[in-house]
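1. return atomic coordinates for the entry below.
(chains A and B)
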Amino acid sequence: MEKGFDDIGYHFGIDCQGNIYEGRDVRLKGSSVHNFNTGVIGIVLLNNLTTAEEGADALALGRQSLEYLGFSTTNTIPAAQIDGLLNLIEALKSVFFIKNFSGHREYPGQTAEGKICPGNIGMDLVRAIRTRTDLLAPPNPRA
Amino acid sequence: MKKSLVIITLILLTALFVGYYEVLEDAETRSVVFIKQSPTFQVKFRHLFANDADDKPLRQLSNEERQAVIDYCKYRLGVTTDLKTQDELEVCKQR
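-> Just a heads-up that it's a prediction; the model follows:
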């Protein structure tokens, strides 16, 4: 709030214990996918699901160096977080007509972090969830 | 005395030529520091489109938001504009 924002841009957040938090009212358009927010329910996993090489910046270089030295900097997704996400998707599907399930970076024209999000580990999860829930990849969205 | 003068001059030059704006991406804010294209004592700028919301078209911008875009465009990008058309707004969306 002190940053001048009224709320957060996501409709839901899920932490590593599987707790689901409500963000922006789902009746309102989100601010989670630049220029593709219409008809989208934004869910953020409160976790870093990138691999070390993603980002091509100083942080990525540092992570790659640590990985080279044998220290893992890549998170695994807690089972409780995946369960929370699956439960939320099922709950939303019971109320809304949902066809697609997408990672942020699958939408064109995303900038900076949006080009990486949700990370390689996150995208593996997105694909697994599509298979499990019979949801589809985004149909070549346009702004 | 001489040292103080140098420090004051440096502070003034920094205030005149260095600015910043905030970017909101993936639920995190970060500041982007930049060298102004022309001097002003305005240090904090707003980039209305540096977030994951859908871009507002020109007709939906308030007077305050238009002025923020004009300032950003002038001092960050070096583009002076009256922001009369959507094309002019598109130019000002650059980072």
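
2. hey, let's count contacts and neighbours off CA atoms from now on
-> OK.

3. got the contact list for the nearest residue to residue A:78 once chain neighbours are set aside?
-> Nearest non-adjacent residue to residue A:78, counting by Cα to Cα, 6 or more residues apart in numbering or on different chains: residue A:16, 6.0 Å away. Applying Cα atoms under 8 Å, 6 or more residues apart in numbering or on different chains to residue A:16 gives the contacts A:45-47, A:77-78, A:80-81.

4. show me which of these are buried.
-> Members of the contacts of residue A:16 that pass the buried threshold by neighbour count (16 or more other Cα atoms under 10 Å in any protein chain shown) are listed as A:45, A:47, A:77, A:81.

5. name the nearest residue to the residue positioned nearest the centre of chain B, ignoring sequence neighbours.
-> Averaging the C-alpha coordinates of chain B gives a centre point, and the residue nearest to it by Cα atoms, centre = their mean is residue B:72 (3.1 Å). Nearest-residue entry for residue B:72: residue B:45, 6.1 Å, with adjacent residues in sequence omitted and distances by Cα to Cα, 6+ apart.

6. measure the one you found to residue A:100 for me?
-> For residue B:45, the distance to residue A:100 under the criterion Cα to Cα, to the nearest Å works out to 37 Å.

7. the two: who's more crowded?
-> Under the neighbour definition other Cα atoms under 10 Å in any protein chain shown, residue B:45 and residue A:100 were set side by side, and residue B:45 has more, 19 against 14.

8. that one and residue A:21, how far apart?
-> Distance, residue B:45 to residue A:21, by Cα to Cα: 32 Å.

9. against residue A:33, how distant is residue A:129?
-> 19 Å.

10. higher neighbour count, these two?
-> In this view residue A:129 and residue A:33 are compared by other Cα under 10 Å, and residue A:33 has more residues nearby, 29 against 19.

11. and that one, helix, strand or coil?
-> Following DSSP: H, G, I helix; E, B strand; the rest coil, we place residue A:33 in the coil state.

12. not counting residues beside it along the chain, what's closest to it?
-> Taking Cα to Cα, 6+ apart, and ignoring the residues beside it in sequence, residue A:33 has residue B:52 as its nearest neighbour in space, at 5.2 Å.
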